[in-house]
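A.B. asks: fold the following and give me the result.
(2 chains)
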Amino acid sequence: MKFEKLVEDEAFICAQCNFCRVCPAFKHENWESASPRGRIYLIKSLLKGEIKPEDLDDEILQDFFKCTTCGECEVVCQTEIPLIDVWEKARATLVKEGFILPAHKRIGEAARKTGCPYGEERSRDWWLEVEVSEKAEVAYFAGCTATFRTVELAKNTVEFLKKVGIDFTYAKNDEICCGSPLLRTGQREIAYEFFKKNYEEWKRRGVKKIVTSCSGCFRTIKRDYPEIAKELGYEWEFEVYHISQLIYELIKSGKLKLKKLNRTVTYHDPCHLGRHMKVYEEPREVLRAVGADIVEMEKNREEASCCGAGGGVKAQFKELAMKMGIDRIAEAEKTGAELIVSCCPFCKLHLNQAAEGKGSKLRVIDLIEIVNQLL
Amino acid sequence: MFKAPYTTHPVRLHIYSHDITSPPWIFKKLIKEADVVVQPRNEEDLVEILEYAKENKMPIVPRGAATSGYGGAVPYKGGIIVDFSKMNKFEVDEDEGILISQPGAVWLDVKKEVEKKGFSLKVYPTSAPSSTVGGWISQGGYGIGSFKYGAIWENVEKIRVLDFRGFRETSNLLFYSGLCGTTGLITKAWVKLKDYVEHRKYAHNTDAGIIMKTVKARPPKLTTILLYGHKTMELKKEIEDPSLPEFSAAIFEYEDPNVSENELGEKLWSKVFYPLRIKRKGPSLIVSEVFLSYATAEDYIYWLENEEIPYEVLFAKRGAAVLAMFFEDERKFGYTLAWRKALKVMRVAERKYKAIPYSVGMYLAHKAKKYFENYDELLELKKLVDPYNLLNPGKVFPSALSFIAKIANMVVI
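C.D. replies: From the prediction side, this is the model:
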């Protein structure tokens, strides 16, 4: 089997040292075929012809995809392999060769049909209760999860932008999935179509800056889109911000004064905001600015454990995703915090389900909800 | 087959049938893959595995994290790979200052926990983020702390071992450490600890001759000396950190909170678990690793410097462990030639500088007689505890493969 050059080169660089045993999914699995080291060895064996594509049965394929692409392996990698990119590119090759898991296929089909991986046919602005500009330099990108699953994030973001007087546009039903779940599960072609649609919509609306409240959308638009644009021959000149960065900038410049939050909180770093994009301090600075008492979990910032939902794991391996979510809740409980604060609708959705599953009283609240309430 | 979790999936067997080395094709052709991988959860599971092996005359290959490069965890004759990852519990006997650990516990996890309880490890391997307690004892060797405290076997009070005669507890580590499980499987280890002390690191430009003065002076609180040759430092600068100097440098670790640290010390120490980062230069890395007495270590290190071969030296209590590195691409023809170079350097070390291999495992089993001073006694024990030669065959005690390795050695050099 032929993989992209990056995947091939890095597979041979791997020292097989197993420092990547930290993988939060592998902790719940028996065999190294579900570990980063095992996956890399499998890729290398496919390249060398020691393993044939026909040897990849369901069991092995499932092990290969039991990965949230959280990037914890990348942080500890002895030979500095860009493992997140390796997993995504390797998945894309496998999908191209017809190796796709059923739930991922369903996500792709739903997205192709409705523009949303959840297969939602409701209008994307069903929650919107305020007027927004048709055209503006700033665009709010809500994303699918905040639009259809944790709508309080979208509502609070829009209210916040209004309150601080930022003139912004929102594409409503002309917004389409950013493509994150498709890129993470190897279905790149659909994501490319979505890129084109979003790109054209932003151009039509005169957008220069894109703000999103979703870490997955932020990672995709800020990191993947410029690469896709280059590949497709589009000019990329948008500035992209996560809402936590915008809030932090407003506080720092003295333009935003917030009431105090007298609570003890712990902050969960979403993988897509933290390890993927290195945004660790801004959300914490905002929490400090509102006087929150932050107690860190043992694993925080670049070592933070994944919530368990990403990379198509929640869709295909519900039980595994729940176990990982429960691990993170247990870690949060140890801090004695009253609340978990995070910056991602998908983390919020999944960790709250995990907390319920564990019987924990802890709940996750998004930073934008806190900030909007304190404004 | 077993009560413990096991797999016979051919792809999984393939994934388990190697260690960190990528041997040349000729060797690979001679190595089989495992027939089954099993993950014992306790000693009862291990007894069942041994009974099954005896009944079916199947080899048993113990596996910690498979982070060694000597083939000790490779199933040369196929058989049962015993993956100890589920036997990873450990506790600290705080009254005695002893770590009591199952074989699959990972050194870094152990280190964190013993420190929480007010103790420090005397020695631990540079592969601590993944290597296991049982794996390191079985493989043998030196690590952080070895300048003061010696090899791992010197820091283990006793071990509990299972062989075909049953369980035994023994303090005679010389019959087990470095033996890769050929004389019995370690099921528990009692490792000596020291009271917690803050360790300080200091690094500077130096060379083997200057370090030898420190070795002779033996400052009582100096626990670790790690020397990087100038070619290694060049690679570290290129791949790891452009702010590093190009000259040869050494880190000195002291169990003394009053020692002043410096920037170079902090930088080099921050990567102390990452000696293979420079493998990016390869992408493949072949090593030639030997142990020398202090009578000849200095001359061999200077020889490597003059030959412009990248190397690292870990100064231990009674000698130096020297790792020479060769970079190649295993996808290219030159890969076999790089192995030849590595073997040549080992031969120079052995013949001219009286070195012994750092370890023997599978690839260097033909050198076991030279490596183990008590080889004849080991052979006696082997016959006694493993009459069917099922405990990790092909490792340490010569086999058809080691005969081929010996011939290959003679032919290629």
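
A.B. asks: near chain A, which residues of the stretch 101-250 of chain B?
C.D. replies: B:Val106, B:Ser127, B:Pro129, B:Ser130 (CB under 8 Å from any CB of the partner chain). Where you see a C-beta, it was placed from the backbone N, CA and C, and this is true even at glycine.

A.B. asks: swap that for the stretch 301-413 of chain B, please
C.D. replies: B:Asp329, B:Glu330, B:Arg331.

A.B. asks: by neighbours, which of these wins?
C.D. replies: Among these, B:Glu330 has the most neighbours (other CB atoms under 10 Å in any protein chain shown), with 21 neighbours.

A.B. asks: does that residue touch B:Ser284 like I think?
C.D. replies: Yes: taking contacts as CB atoms under 8 Å, B:Glu330 lies within contact range of B:Ser284: 4.2 Å.

A.B. asks: pull up the overlap in contacts between those two.
C.D. replies: Common neighbours of B:Glu330 and B:Ser284, using CB atoms under 8 Å, 6 or more residues apart in numbering or on different chains, are A:Phe12, B:Ser22.

A.B. asks: thinking again about what came up before, mind putting the residues of the stretch 301-413 of chain B next to chain A into CSV with secondary structure and pLDDT?
C.D. replies: Converted to CSV, those look like this (DSSP: H, G, I helix; E, B strand; the rest coil; pLDDT from 0 to 100):
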residue, secondary structure, pLDDT
B:Asp329, coil, 95
B:Glu330, coil, 94
B:Arg331, coil, 93
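
A.B. asks: what is the nearest of those residues to A:His28?
C.D. replies: B:Glu330 (32.8 Å; CB to CB).

A.B. asks: please report phi then psi for that closest one.
C.D. replies: The phi and psi values for B:Glu330, taken as degrees, to the nearest 10, are phi -70, psi -10.

A.B. asks: so who does it touch?
C.D. replies: B:Glu330 touches A:Phe12, B:Ser22, B:Pro283, B:Ser284, counting by CB under 8 Å, 6+ apart.

A.B. asks: now tell me which of those residues the prediction trusts least.
C.D. replies: Lowest-confidence member of the contacts of B:Glu330: B:Ser22, scoring 91 (pLDDT).

A.B. asks: am I right that that one is in contact with B:Leu285?
C.D. replies: No: counting by CB under 8 Å, B:Ser22 stays clear of B:Leu285, with 9.0 Å between them.

A.B. asks: picking up where we left off before, which among the contacts of B:Glu330 gets closest to A:Pro24?
C.D. replies: So of these, ranked by how close each gets to A:Pro24 (CB to CB), first place is A:Phe12, at 26.2 Å.

A.B. asks: tell me the contacts of the closest one?
C.D. replies: So A:Phe12 contacts A:Lys44, B:Gly282, B:Pro283, B:Ser284, B:Asp329, B:Glu330, B:Arg331 (CB under 8 Å, 6+ apart).

A.B. asks: show me what the fourth one is bridged to.
C.D. replies: In this structure, B:Ser284 bridges to B:Glu328 when assessed by DSSP bridges.

A.B. asks: grab the two from the contacts of B:Glu330 that are most spread out in space.
C.D. replies: Maximum distance among the contacts of B:Glu330 (CB to CB): 9.9 Å, for B:Ser22 and B:Pro283.

A.B. asks: show me the chain divided up by domain.
C.D. replies: In the absence of a named chain, chain A is used. Per automatic domain parsing, the structural domains of chain A span A:5-99, A:104-247, A:258-374.

A.B. asks: that's the other chain; I wanted chain B
C.D. replies: B:6-85, B:200-357.

A.B. asks: what is the neighbour count of the residue lying closest to B:Lys57 once chain neighbours are set aside?
C.D. replies: In space, and not counting its chain neighbours, B:Lys57 is closest to B:Tyr388: 6.2 Å by CB to CB, 6 or more residues apart in numbering or on different chains. Using other CB under 10 Å, B:Tyr388 has 12 neighbouring residues.

A.B. asks: isn't B:Leu323 right up against B:Glu312?
C.D. replies: Yes: assessed by CB under 8 Å, B:Leu323 is found in contact with B:Glu312 at 4.8 Å.

A.B. asks: what do those two both touch?
C.D. replies: Joint contacts of B:Leu323 and B:Glu312 (CB under 8 Å, 6+ apart) are B:Pro275.

A.B. asks: A:Ala229: which element?
C.D. replies: helix A:225-232 (DSSP states H and E).

A.B. asks: just checking, what packs against the helix or strand following that helix?
C.D. replies: Sequence-wise, the next helix or strand downstream of helix A:225-232 (DSSP H and E) is strand A:239-242. Here strand A:239-242 touches strand A:209-212, helix A:215-219, going by 3 or more CB pairs under 8 Å, 6 or more residues apart in numbering or on different chains; DSSP states H and E.

A.B. asks: would you list these in a markdown table and tack on distance to chain B and mean neighbour count?
C.D. replies: Output for the helices and strands packed on strand A:239-242, formatted as a markdown table (distance: least, CB to the nearest CB, whole Å; neighbours: other CB atoms under 10 Å in any protein chain shown):
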| stretch | distance to chain B | mean neighbour count |
| --- | --- | --- |
| strand A:209-212 | 34 | 21 |
| helix A:215-219 | 25 | 30 |
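
A.B. asks: select, out of those, the one closest to A:Pro82.
C.D. replies: helix A:215-219 (14.3 Å).

A.B. asks: may I have that closest one as PDB, with CA atoms only?
C.D. replies: Written as PDB, here are the backbone C-alpha positions of helix A:215-219 (Å, rounded to 0.1, in the frame of the first residue of the first chain):
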ATOM      1  CA  SER A 215     -12.400  24.300  19.000                       C
ATOM      2  CA  GLY A 216     -12.800  21.800  16.200                       C
ATOM      3  CA  CYS A 217     -14.000  24.500  13.700                       C
ATOM      4  CA  PHE A 218     -11.100  26.800  14.900                       C
ATOM      5  CA  ARG A 219      -8.500  24.100  14.300                       C
END
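
A.B. asks: just how off-centre is it within its chain?
C.D. replies: Centroid separation for helix A:215-219 versus its chain: 5 Å, with CA atoms, centre = their mean, to the nearest Å.

A.B. asks: ok, and the most crowded of the residues of the stretch 101-250 of chain B next to chain A?
C.D. replies: Within those, most neighbours by other CB under 10 Å means B:Ser127, with 29 neighbours.

A.B. asks: three-state assignment of it?
C.D. replies: At B:Ser127 the chain is in coil, as set by DSSP: H, G, I helix; E, B strand; the rest coil.

A.B. asks: wait, doesn't it sit right on B:Thr67?
C.D. replies: Yes: counting by CB under 8 Å, B:Thr67 is a contact partner of B:Ser127 at 4.7 Å.

A.B. asks: where do the contact lists of these two overlap?
C.D. replies: A:Cys17.

A.B. asks: pLDDT weak spots in the stretch 201-350 of chain B?
C.D. replies: Across the stretch 201-350 of chain B, nothing is flagged by pLDDT under 70.

A.B. asks: how about the helices of it, start to end?
C.D. replies: B:208-217, B:230-239, B:263-270, B:297-306, B:334-353 (DSSP state H, counting those that start in this stretch).

A.B. asks: and the helices in the stretch 1-150 of chain A?
C.D. replies: Using DSSP H, counting those that start in this stretch, helices in the stretch 1-150 of chain A cover A:5-13, A:36-48, A:58-65, A:72-76, A:83-96, A:102-114, A:144-148.

A.B. asks: which single residue of the stretch 101-250 of chain A ends up nearest chain B?
C.D. replies: The nearest approach of the stretch 101-250 of chain A to chain B comes at A:Leu101, 16.6 Å away (CB to the nearest CB).

A.B. asks: need phi/psi at that residue.
C.D. replies: phi -80, psi 150.

A.B. asks: do B:Ile356 as well
C.D. replies: Torsion angles, degrees, to the nearest 10, at B:Ile356: phi -120, psi 160.

A.B. asks: can you check B:Phe167 too?
C.D. replies: Per degrees, to the nearest 10, the backbone of B:Phe167 is at phi -90, psi 150.

A.B. asks: then A:Ser342?
C.D. replies: Dihedral angles (degrees, to the nearest 10) for A:Ser342: phi -140, psi -180.
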